[in-house]
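[1] structure for the following, please:
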Amino acid sequence: MESRHSIHHVLLLVLFGLSALCQCSATGVEANQTAVLLVNASEASARRIPDTLFGIFFEEINHAGAGGLWAELVNNRGFEAGGPNVPSNIDPWSIIGDESKVIVSTDRSSCFDRNKIAVQVQVLCDHTGANICPDGGVGIYNPGFWGMNIEQGKSYKLVLYVRSEESINVSVALTGSNGLQKLAAANIVAADVSSWTKVEILLEATGTDPNSRLELRSSKKGVIWFDQVSLMPTDTYKGHGFRKDLFGMLKDLKPAFIRFPGGCFVEGDWLRNAFRWKETIGQWEERPGHFGDVWNYWTDDGLGHFEFLQLAEDLDSLPVWVFNNGVSHHDQVDTSSILPFVQEILDGLEFARGDPTSTWGSIRAKMGHPEPFDLRYVAIGNEDCGKTQYRGNYLKFYTAIKDKYPDIKIISNCDGSTRPLDHPADLYDFHIYSSASSVFSNARHFDSAPRRGPKAFVSEYAVTGNDAGKGSLLAALGEAGFLIGVEKNSEAIEMASYAPLFVNDNDRRWNPDAIVFTSSQMYGTPSYWMQHFFKESNGATLLSSSLQANPSNSLIASAITWRNSLDNNDYLRIKVVNFGTTAVITKISLTGLGQNSLETLFGAVMTELTSNNVMDENSFREPNKVIPVKTQIEKVSDNMDVVLAPRSLNSIDFLLRKSINNNVDTASVLKSSC
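    Numbers count the residues shown, from 1 in each chain. Purely as a prediction, here's the structure:
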């Protein structure tokens with residue numbers, strides 16, 4: 001192909017001296033560099049991209065699930081955050097009233113075998129007598145995860161367990177952060193709760209406050225025990241417990257897969273705090289929860305193994321389960337003793353894929369999902385390749401899983417991009433965190449990676465350090481260049497996902513992240529919006545393309561054809577990153593299209609991600625400061641000039657073929673597709 005277009009290259013370069021007109025959104029940018037991008041759209045030079053190439057990775061970090069995607073509003077709902085011992089740490093629960101009116105403590109009196117801690121509220125005051133309770137009574141309150149977002153007109157389901165030797169009159173309220181504004185209220189009046197009693201109340205909000213709290217009060221002298229206090233919005237996604245706005249941001253990425261639940265969260269600093277799937281299924285009240293000692297906070301595991309599988313299904317994504325292989329950051333299980341861990345994972349696979357009459361499949365069925373989940377990928381550990389017991393343990397898991405589930409693809413922690421693995425695997429894991437220039441230059445890392453044998457799973461990539469800030473344009477550009485390299489090397493790469501996915505702005509354990517949120521707000525960082533440029537690539541056709549530029553180390557480009565499901569039309573998308581500080585006039589030459597295959601009636605749409613300063617970030621004050629901007633290109637030809645702004649990610653979508661009897665406005669579809 002290079003020799004066939006050599007004369008064409010020269011002619012195009014000569015044309016740059018005559019080029020003065022730009023037909024895109026970059027008009028007005030002073031451009032003093034040039035480039036030629038040749039795209040061959042013929043089928044002979046094209047190659048299909050894997051359906052699985054671009055997905056997402058969820059880790060319980062930065063309170064991503066607890067207080068984030070998982071919509072539970074009560075923080076430490078079982079009073080177990082301090083562990084199984086008494087006294088337990090009940091934070092962030094706080095006391096309403098002083099020591100002369102109320103005493104709050106914990107004991108091991110719960111009716112739940114795996115959650116023995118309950119809270120005891122001893123009310124010393126009364127509605128009559130010498131020690132009269134203050135207005136509203138005394139008790140406890142929970143502020144949620146830095147405030148509960150209560151919205152007027154919405155409903156919230158409260159579930160709690162209560163016990164007392166005497167009759168009770170407990171007031172339940174959702175109030176503003178200072179406890180003064182009452183947004184919803186109800187009373188629990190019962191004559192006999194001598195045994196643990198489950199109470200369910202639907203609270204209808206009459207006001208709005210993103211920093212609300214849940215209060216449990218009494219003005220009647222006596223002792224009341226509470227346990228497993230849950231408050232969930234009723235409008236979660238499909239009733240599955242996922243916060244709708246955050247779920248929607250994931251859905252908009254069209255992820256082909258979701259890797260879960262970590263990350264280091266899977267390993268634990270110590271094995272006693274590793275994620276163990278069996279502790280996270282079944283009745284939520286019975287889940288013991290655990291302390292995630294890598295990221296240093298408690299999770300009640302309401303977002304457990306079942307919910308992760310459900311999340312993947314709701315996203316129409318393939319689940320990729322990462323499990324602990326007997327290795328943590330500081331301790332390891334010897335290979336001679338690893339078989340119980342292996343059996344635990346085989347049980348987990350049966351839970352996900354087994355017949356509803358099987359031992360573990362029946363538990364899944366009881367949880368409301370009789371059909372098996374579509375689990376095809378598992379990763380044996382996370383970043384454990386260098387640990388002394390990893391290879392021995394890995395082989396035990398690999399053999400047992402392949403024997404029972406030969407179709408499951410198994411992912412090794414060891415990097416096979418530069419030298420062959422010394423053990424069997426279907427995929428190998430590759431992580432990259434570095435500066436923007438380093439990540440950008442690693443676009444060529446897989447150029448010489450093997451095309452046969454295990455494929456790469458780039459399960460964690462991101463620009464970090466000073467270049468990243470809390471999510472900069474510069475970081476997004478470095479990552480975009482890397483992903484173009486991933487796309488062009490998709491013969492050797494099967495999957496790629498950014499990390500981390502979420503951060504609660506009140507608990508930044510890691511910077512940067514793709515999506516930032518609080519109890520009521522959210523925004524995408526430039527890295528989130530960068531991923532939108534690649535969401536049409538899964539299962540698309542990669543075209544042969546060549547880029548000639550001077551200097552050549554600041555530009556990278558790729559071209560695909562894809563079908564838009566909204567209008568059923570075929571498009572050609574060119575993506576180009578200009579990582580340099582100078583605008584570039586780029587001559588785009590499209591060949592192999594066939595006569596009159598460009599539909600000039602609708603033109604094309606150019607999408608640009610850039611900003612005035614390369615370190616610009618989005619924020620709650622300016623959530624759309626750095627987002628993709630679309631511009632209609634009216635005059636389209638197979639030889640055209642565009643100007644690439646400095647420090648920018650660009651895509652151009654050309655309509656190739658318009659479906660018959662299609663009444664959809666193609667231009668509108670393209671403008672909303674990124």
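[2] which helices and strands sit right next to the host helix or strand of residue 160?
    Assessed by DSSP states H and E, residue 160 sits inside strand 155-164. When contacts are defined as 3 or more CB pairs under 8 Å, 6 or more residues apart in numbering; DSSP states H and E, strand 155-164 sits against strand 168-175, strand 182-190, strand 197-204, strand 222-233. For glycine as for every other residue, the C-beta is placed from the backbone atoms N, C-alpha and C.
[3] now those as JSON lines including mean pLDDT and mean neighbour count?
    Formatted as JSON lines, the helices and strands packed on strand 155-164 follow (pLDDT from 0 to 100; neighbours: other CB atoms under 10 Å):
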{"stretch": "strand 168-175", "mean pLDDT": "98", "mean neighbour count": "22"}
{"stretch": "strand 182-190", "mean pLDDT": "97", "mean neighbour count": "16"}
{"stretch": "strand 197-204", "mean pLDDT": "98", "mean neighbour count": "14"}
{"stretch": "strand 222-233", "mean pLDDT": "98", "mean neighbour count": "21"}
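[4] which one of the ones you listed lies nearest to residue 414?
    Ranking the helices and strands packed on strand 155-164 by distance to residue 414, with CB to CB as the measure, places strand 222-233 first at 41.4 Å.
[5] relative to strand 155-164, how tilted is that closest one?
    Relative orientation of strand 222-233 versus strand 155-164 (axes from the mean of the first three to the mean of the last three CA atoms, to 10 degrees): 160 degrees.
[6] how far out from the middle of the chain is strand 222-233?
    From the chain centre to the centre of strand 222-233 is a distance of 31 Å (CA atoms, centre = their mean, to the nearest Å).
[7] can you map out the strands along the stretch 401-550 of the chain?
    Secondary structure of the stretch 401-550 of the chain (DSSP state E, counting those that start in this stretch): strands located at 409-412, 427-434, 455-463, 493-498, 502-504, 515-517, 522-524, 541-542, 544-549.
[8] strand partners (parallel or antiparallel) of the strand holding residue 160?
    Strand 155-164 has the following strand partners under DSSP bridges: strand 197-204 (antiparallel), strand 222-233 (antiparallel).
[9] residue 94 is nearest to which of the ones you listed?
    Nearest of these to residue 94, taken as CB to CB: strand 222-233 at 13.5 Å.
[10] dump that closest one to PDB, restricted to CA.
    Listed next in PDB are the C-alpha coordinates belonging to strand 222-233 (Å, rounded to 0.1, in the frame of the first residue of the first chain):
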ATOM      1  CA  GLY A 222     -36.700   2.400  78.600                       C
ATOM      2  CA  VAL A 223     -34.200   0.400  76.600                       C
ATOM      3  CA  ILE A 224     -34.500  -0.100  72.900                       C
ATOM      4  CA  TRP A 225     -32.200  -2.200  70.600                       C
ATOM      5  CA  PHE A 226     -31.800  -1.400  66.900                       C
ATOM      6  CA  ASP A 227     -30.000  -3.400  64.200                       C
ATOM      7  CA  GLN A 228     -29.700  -3.500  60.400                       C
ATOM      8  CA  VAL A 229     -31.100  -0.100  59.600                       C
ATOM      9  CA  SER A 230     -31.400   0.400  55.900                       C
ATOM     10  CA  LEU A 231     -32.800   3.300  53.800                       C
ATOM     11  CA  MET A 232     -33.000   2.900  50.100                       C
ATOM     12  CA  PRO A 233     -34.500   5.200  47.400                       C
END
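[11] where along the stretch 551-674 of the chain do the helices fall?
    For the stretch 551-674 of the chain, the helices defined by DSSP state H, counting those that start in this stretch occupy 666-672.
[12] from the chain's centre, how far out does stretch 580-593 sit?
    Taking CA atoms, centre = their mean, the mean C-alpha location of stretch 580-593 is offset from the chain mean by 33 Å.
[13] what mean pLDDT would you report for it?
    Averaging the model's pLDDT scores along stretch 580-593 yields 93.
[14] list the buried ones in it?
    Buried residues in stretch 580-593, counted by 16 or more other CB atoms under 10 Å: 580, 582-593.
[15] still on that earlier bit, got the strands paired with strand 155-164 as JSON lines, with distance to residue 116 columns?
    Shown next, in JSON lines, are the strands paired with strand 155-164 (distance: least, CB to CB, whole Å):
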{"stretch": "strand 197-204", "distance to residue 116": "17"}
{"stretch": "strand 222-233", "distance to residue 116": "9"}
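[16] among the ones you listed, which comes closest to residue 568?
    Smallest distance to residue 568 across the strands paired with strand 155-164 (CB to CB): 36.2 Å, for strand 222-233.
[17] nearest spatial neighbour of residue 577, skipping sequence neighbours?
    Take residue 577 and drop its neighbours on the chain: the residue closest to it by CB to CB, 6 or more residues apart in numbering is residue 481, 4.5 Å away.
[18] the one you found and residue 442, how far apart?
    Plainly put, residue 481 is 9 Å away from residue 442 if you go by CB to CB, to the nearest Å.
[19] quick one: which of those two has more around it?
    Here residue 481 and residue 442 are set side by side on neighbour count (other CB atoms under 10 Å), and the busier one is residue 481, at 29 against 19.
[20] the more buried one against residue 437, yeah?
    No. Using CB atoms under 8 Å, residue 481 and residue 437 do not qualify as a contacting pair, with a distance of 9.5 Å.
[21] so what's in contact with the two at the same time?
    Jointly contacting residue 481 and residue 437 under the rule CB atoms under 8 Å, 6 or more residues apart in numbering are residue 579.
[22] name the element residue 349 belongs to?
    helix 339-353.
[23] pull out the buried positions in that helix.
    Buried residues in helix 339-353, counting neighbours by 16+ other CB under 10 Å, are found at 341, 342, 345, 346, 347, 348, 349, 350, 351, 352, 353.
[24] same thing with stretch 142-161?
    Residues of stretch 142-161 classed as buried: 142-151, 156, 158-161 (neighbour count, 16+ other CB under 10 Å).
[25] next one: stretch 540-560
    Residues 540-545, 547-549, 554-560 are the ones in stretch 540-560 that count as buried (16+ other CB under 10 Å).
[26] next one: stretch 493-500
    Buried-residue list, stretch 493-500, by 16+ other CB under 10 Å: 493, 494, 495, 496, 497, 498, 499, 500.
[27] nearest to residue 402 among those residues?
    Comparing the buried residues of stretch 493-500 against residue 402 with CB to CB picks out residue 494 as the nearest, at 17.8 Å.
[28] now for the closest one: which residues touch it?
    Remark: with contacts taken as CB under 8 Å, 6+ apart, residue 494 is in contact with 50, 52, 53, 427, 455, 456, 457.
[29] how many residues are close by the spatially closest residue to it that is not a sequence neighbour?
    Distances taken as CB to CB, 6+ apart place residue 455 nearest to residue 494, at 4.0 Å, with adjacent residues excluded. When counting by other CB under 10 Å, one arrives at 23 neighbours for residue 455.
[30] residues contacting residue 165?
    With CB under 8 Å, 6+ apart as the criterion, the residues that contact residue 165 are 194, 222, 223.
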